[in-house]
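1. okay, sequence plus prediction incoming.
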Amino acid sequence: MKRAFFNAVPYLCLVSVILALYMAFIYAPTEKTMGDVQRIFYFHVGSWWIAFLAFGVVFGGSVAYLITRDRIYDQAALASAEIGVLFTTMGLITGPLWAKPAWGIYWTWDARLTTALVLWLIYVGYLMLRRYIPDETKRANMAAVAGIIGFVDVPIVHFSIRWWRTQHPSPVIMGGPGSGLHPQMFHALMVSLLAFFFLYLWMLDSRLSIERAQEDIEHLHKELEAI
C-alpha cells in the first residue's frame, strides 16, 4: 500500500504542478500594489515551507537514529537535508528577485533574511560534515547531533517577523488584524504548497532509493574483497 502510494507520487506531482502554475499565473488576481511580480509569492512561500518540513524530517530522523541506530533514519536525514538545502536555496533566490522591485534592493540584513541565510549555512555545513568524515558510524553520530542542533534555527526564522520589526512583510496567514489573502490567492497558495509537497515526497523517495542502492553496492564490494 505504501509503495503503491509512492509509485503514484510522480503523477500527483505532475498534475499538481501544472495546476499550481495555472492558479499562480492565471487564476489568482494581480496584486494592486506590486503587480505581477507578486506572483513569485506562490513559489517563494512554498520553497520555505517545504525547506522547514525537510529540516523537520532531518531532526526527526536524527533523533530516531540516535535512539535506534537504524541506518534507514540516518539515510532519511541525509536525503531530506539535501532537499532542504535545495529548497532553501530556491527561497534565497526568489526572495531577492521579489525584493528588488518591491523594496528597491535585493538584500537587507534584517532578522528574517539573516537568520534564513544562517539556516542555509548550517545545513550546507551539515552536508560537508557528512562528506568529510570517512568512518560510517562516527559520521552518522556527528551528523545526527548537528541535525538536531541545526533545527533550532528553523523556528527562529519562522517567528523572526513576529518577534522583531523587519523589512520582510508580516505574515499574511494568521498574522493578526489586517492580514489575510484574497480567496483566490489563498487557493493558489494552497495548491502551490501541495505541489511542492508532492515534489518533496518524489525527491525524497528517489534519493532514498539511490542511497539504498549505494549501500548494496558497498556491501557487495566488501563481500568480493573478502573472497
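-> Received the coordinates, thanks. Residues are numbered from 1 along each chain as shown.
2. need the contact list for Leu53.
-> In this structure, Leu53 makes contact with 197, 200, judged by Cβ atoms under 8 Å, 6 or more residues apart in numbering. Every residue, glycine included, has its C-beta placed from N, CA and C.
3. what is the mean pLDDT for the host helix or strand of it?
-> Using DSSP states H and E, Leu53 maps to helix 41-68. Across helix 41-68, pLDDT averages out at 95.
4. in it, which residues are buried?
-> Buried positions in helix 41-68, judged by neighbour count with 16 or more other Cβ atoms under 10 Å: 41-55, 57-66.
5. same question for stretch 9-26.
-> Those buried within stretch 9-26 under the rule 16+ other Cβ under 10 Å are 9, 12-13, 16-17, 19-21, 23-24.
6. quick one: the one helix or strand Val15 maps to to helix 41-68, angle?
-> Assigned by DSSP H and E, Val15 belongs to helix 2-22. Helix 2-22 runs at 160 degrees relative to helix 41-68, counting by axes from the mean of the first three to the mean of the last three Cα atoms, to 10 degrees.
7. so what touches helix 2-22?
-> Helix 2-22 is contacted from outside by 42, 188, 191-192, 194-195, 198-199, 201-202, 205, using Cβ under 8 Å, 6+ apart.
8. so how far is that helix from its chain's centroid?
-> In terms of Cα atoms, centre = their mean, to the nearest Å, the centre of helix 2-22 is found 18 Å from the chain centre.
9. same question, stretch 41-51
-> On Cα atoms, centre = their mean, the centre of stretch 41-51 falls 8 Å from that of its chain.
10. quick one: the most centrally placed residue in the chain and Ala81, what's the gap?
-> Residue closest to the mean C-alpha point of the chain, counted by Cα atoms, centre = their mean, is Ala51 at 1.6 Å. Distance, Ala51 to Ala81, by Cβ to Cβ, to the nearest Å: 10 Å.
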